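Asker: need a structure here:
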Amino acid sequence: MMRTSVFPRRYIQGAGALHQLGPELKRLGDKVFALVDQLVVDQVTPYLDAMTDVSVVLHPFVGHCTHPTIDRIAACVRDSGATVVIAFGGGSVLDVGRSAAAAAAAAFVSAPTIAASDAPCSGLSIVYDDKGVMCARLNLGNPDLVIVDTGLIAKAPVRFFVAGLGDGLATWYEADSCRQSHSNTISGFTGTALAHAAARLCRDTILGRGRQAVADCRAHLATPDLDAVLEATILLSGIGFESGGLGAAHAINNGLTTLPQSAATMHGEKVAFGLLASLFLSERADEERRDLFQFCSDVGLPVRLHQVGCDGSAASLAMVAAKACQPGANIHNEPFPVTEDLVVTALQAADLFGAGYAGS
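Answerer: Okay, here's the model as predicted:
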């Protein structure tokens with residue numbers, strides 16, 4: 001049985017990490033195209049202006065990761081003559097930057113300014129259509145550098161950080177499903193023991209230190225707990241999902257994106273509810289369910305259907321289940337057969353179970 005794991009080429013994390021940006025970028029090239037989320041241009045510009053060894057073309061960004069957007073930004077990279085693309089922002093900006101860098105044959109640097117998902121370390125870009133429904137998954141190769149400034153991320157709204165906990169929390173459960181079913185991962189073959197261990201450490205760190213880290217992030221404090229949980233949700237989850245495998249939680253997230261009302265819900269929030277619903281696809285200890293529902297409730301992750309934009313109607317549940325169970329979906333990596341009817345029942349059961357936690 002073939003196994004494989006993939007990783008970013010270099011990873012740097014810490015408060016003030018962006019002060020190391022100049023020397024780090026110089027390793028990769030001397031002409032840089034900086035794709036910067038419009039919301040953080042003022043925060044990022046001083047770090048770019050301080051660099052003397054590289055020239056930078058700054059391109060503010062607003063939008064989502066769609067095929068036309070990728071094509072447009074790739075053309076801008078080629079026109080600039082840059083050999084390095086660095087993307088500052090959240091998942092959408094990073095996915096566009098990664099895709100444009102690949103199209104322009106440039107090195108890619110991931111510089112997350114929020115930690116709402118495990119996208120920063122990945123070689124994967126998720127592409128959406130103009131209605132916000134996922135339509136493609138591009139496997140492009142991992143970043144040449146990931147640089148995580150915990151001080152900057154601590155300044156972001158806490159909801160982003162909490163969403164990252166939801167995305168990261170699912171990592172071990174999905175990787176363990178793939179281990180049991182011997183399913184191939186995004187990296188091409190079955191996962192390695194290292195990826196599974198990273199996924200487990202990710203889960204244990206989030207559950208053990210996540211509550212305090214959320215409190216610290218809410219107060220905009222770059223504490224050791226925040227630092228540890230950021231490493232879990234960015235690095236460990238990135239390795240764990242990509243080289244360990246995906247399962248029901250992300251498939252249900254994909255299903256939820258078919259509901260227009262879910263557009264206001266973040267990726268990690270939908271993944272978190274997907275994880276909770278997956279606990280009802282097969283036999284699970286009641287204590288395990290209680291622990292995960294209580295944690296999600298404590299940190300502000302959804303535990304009810306309406307919190308992820310689903311009204312619970314038969315029509316809505318059928319749409320979610322159809323997308324989640326389509327041929328080739330991650331849900332078929334579970335170590336047992338999963339049908340649309342089973343997903344509908346699991347969603348309803350999770351919503352009912354979550355009623356006891358929604359107000360805590």
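Asker: from P327, how far off is the residue nearest the centre of the chain?
Answerer: Nearest to the mean C-alpha position of the chain, counting by C-alpha atoms, centre = their mean, stands S117 at 2.6 Å. Separation of S117 from P327 (C-beta to C-beta, to the nearest Å): 25 Å. C-beta: built from backbone N, CA, C; applies to glycine.
Asker: leaving out chain neighbours, which residue sits closest to T223?
Answerer: D216 (4.4 Å; C-beta to C-beta, 6 or more residues apart in numbering).
Asker: so the one you found, which state does it fall into?
Answerer: Assigned with DSSP: H, G, I helix; E, B strand; the rest coil, D216 falls in the helix class.
Asker: residue contacts, it?
Answerer: Taking C-beta atoms under 8 Å, 6 or more residues apart in numbering, we find D216 in contact with A154, A222, T223, D225, L226.
Asker: and the two most separated of those?
Answerer: A154 and D225 (11.2 Å; C-beta to C-beta).
Asker: these two: who's more crowded?
Answerer: When A154 and D225 are compared for neighbours, A154 comes out ahead with 23 against 20, by other C-beta atoms under 10 Å.
Asker: and the residue nearest to the more buried one when sequence neighbours are not counted, how far from T233?
Answerer: Spatial nearest neighbour of A154, chain neighbours left out: A222 (4.4 Å); criterion: C-beta to C-beta, 6+ apart. A222 is 15 Å from T233, where distance means C-beta to C-beta.
Asker: of the two, who's got more company?
Answerer: Neighbours were counted for A222 and for T233 using other C-beta under 10 Å; T233 has more, 30 against 20.
Asker: give me the distance between that one and H19.
Answerer: Counting by C-beta to C-beta, the gap from T233 to H19 is 23 Å.
Asker: also D118?
Answerer: 25 Å.
Asker: and the two? Which one has more around it.
Answerer: Comparing D118 with H19 by other C-beta under 10 Å, the one with more neighbours is D118, at 30 against 13.
Asker: tell me the secondary structure at that one.
Answerer: When the rule is three-state DSSP, D118 gets the label coil.
Asker: just to check, V57 is in contact with V32?
Answerer: Yes. If you go by C-beta atoms under 8 Å, V57 and V32 touch, sitting 7.2 Å apart.
Asker: tell me, what's touching these two both at once?
Answerer: In contact with both V57 and V32: A82, using C-beta under 8 Å, 6+ apart.
Asker: what does the model give G359 for pLDDT?
Answerer: Model confidence at G359, given as pLDDT, is 64.
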